[in-house]
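**Student:** My questions are about this predicted structure, shown below with the sequence.
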Amino acid sequence: MGEREERLGANEALFREVNERVAEVAEQFVADDTRDSRYRFSCECGDRACAEQVPLTTAEYEAVRAEATRFVLVPGHEVPDLEQVVERHPDYLVVEKSDPDAEHVARETDPRA
């Protein structure tokens, strides 16, 4: 695996870990939470400097996290040589790792594994 892929994978794993905490707080501490409430999740792209957020319900986030190789991104942040867009929404994209090394890193860094 190249240095670029390792760096991107580490950044994506960090953003995914942050989003896991957002989802936990949303589920545990918001008593009046409805499945339609939107929370600000971090874009899970590989750009360490990215600070953009994606408005998602906890159900939408859980649907992305059902697959270890899927990530939620702001449109335009995808890396076509490493991932493919599998869902397009008005405010976000869901990408799936298509590069074998990137797929491996995604599975290895999955906090739910």
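**Tutor:** Everything's here; your move. Bear in mind the structure is a predicted one, so any value in this text is a computation, not a measurement.
**Student:** any idea how far Asp36 is from the residue nearest to the spatial centre of the chain?
**Tutor:** Among the residues of the chain, the one closest to the centroid is Phe71, at 3.3 Å (C-alpha atoms, centre = their mean). For Phe71, the distance to Asp36 equals 23 Å [C-beta to C-beta, to the nearest Å]. The C-beta positions use only the backbone N, C-alpha and C, and glycine is treated the same way.
**Student:** And the pLDDT for Phe29?
**Tutor:** pLDDT, Phe29: 63.
**Student:** what does Asp32 give?
**Tutor:** At Asp32, pLDDT is 57.
**Student:** got it, and Tyr39?
**Tutor:** pLDDT, Tyr39: 89.
**Student:** Name the nearest residue to it, sequence neighbours excluded.
**Tutor:** Excluding the flanking residues, the one nearest Tyr39 by C-beta to C-beta, 6 or more residues apart in numbering is Ala26, at 4.9 Å.
**Student:** that's a helix at that neighbour, yeah?
**Tutor:** Yes: under DSSP: H, G, I helix; E, B strand; the rest coil, Ala26 sits within a helix.
**Student:** That one: neighbouring residues, count only.
**Tutor:** Residues within reach of Ala26, counting by other C-beta atoms under 10 Å, total 19.
**Student:** Isn't it up against Phe41?
**Tutor:** No: Ala26 is beyond contact range of Phe41, at 9.3 Å (criterion: C-beta atoms under 8 Å).
**Student:** The residue nearest to the centre of the chain is in contact with Val95, isn't it?
**Tutor:** Yes: using C-beta under 8 Å, Phe71 is in contact with Val95, at 5.4 Å.
**Student:** tell me, what's touching those two both at once?
**Tutor:** Common contacts of Phe71 and Val95 (C-beta atoms under 8 Å, 6 or more residues apart in numbering): Glu83.
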